[in-house]
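Enquirer: My questions concern the predicted model and sequence given below.
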Amino acid sequence: QVQVVESGGGLVQAGESLTLSCAVSGETVNIHTGFWYRRSPGGARILVARVRDGGPTTYADDVTGRFTISIDKVKNTVDLRMNKLTPEDTAVYYCNLDVTPIEIDGRYEHDLWGQGTQVTVSS
């Protein structure tokens, strides 16, 4: 079964760091673009960072300079390094991958989503 698996979430104190990692299990994929979104309690899902394979990265204004997104070509993951975390970063973080189409349940899919991983930052 093909799944997008996120890891690295947890509970930290303000000022600390976390690294989220996103991988696909059950299939070897070719990642074109990786995205990390987040949904804060009571809020909408918003884009935090984006990375294109061999291309530029983009960030939301409130994480610029603190977060770094990257594609690890060896592990075939999309990672989000988060430094200087604040309570405002508390959210469920979701990984989204745009990949070369793969067959899932008889259909070809290129837009894959994870189930989300909780990040909680205490003050």
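Expert: Yep, that arrived.
Enquirer: neighbours around S25, how many?
Expert: Neighbour count for S25, taken as other CB atoms under 10 Å: 9. To be clear about C-beta, it is placed using only N, CA and C from the backbone, and glycine gets the same treatment.
Enquirer: Name the residues of stretch 45-64 that are buried.
Expert: By 16 or more other CB atoms under 10 Å, the buried positions in stretch 45-64 come out as V48, A49, R50, V51, Y59, V63.
Enquirer: so what secondary structure elements neighbour the longest strand seen in the chain?
Expert: Once the chain is assigned using DSSP state E, the strand that runs over the most residues is strand 91-104. In terms of contacts (3 or more CB pairs under 8 Å, 6 or more residues apart in numbering; DSSP states H and E), strand 91-104 is packed against strand 3-7, strand 18-25, strand 31-39, strand 77-82, strand 107-113, strand 117-122.
Enquirer: So for I69, which of these sits nearest?
Expert: Closest approach to I69 among the helices and strands packed on strand 91-104 (CB to CB): strand 77-82, 5.2 Å.
Enquirer: ok, the closest one: who's next to it in the sheet?
Expert: According to DSSP bridges, strand 77-82 forms sheet pairs with strand 18-25 (antiparallel), strand 67-72 (antiparallel).
Enquirer: Check which residues of the longest strand of the chain are buried.
Expert: Under the neighbour-count criterion of 16+ other CB under 10 Å, strand 91-104 has A91, V92, Y93, Y94, C95, N96, L97, D98, V99, I102 buried.
Enquirer: got the contact list for D72?
Expert: Applying CB atoms under 8 Å, 6 or more residues apart in numbering, we find D72 in contact with V78, D79.
Enquirer: same thing with Y59?
Expert: Taking CB under 8 Å, 6+ apart, we find Y59 in contact with V48, A49, R50, F67, I69.
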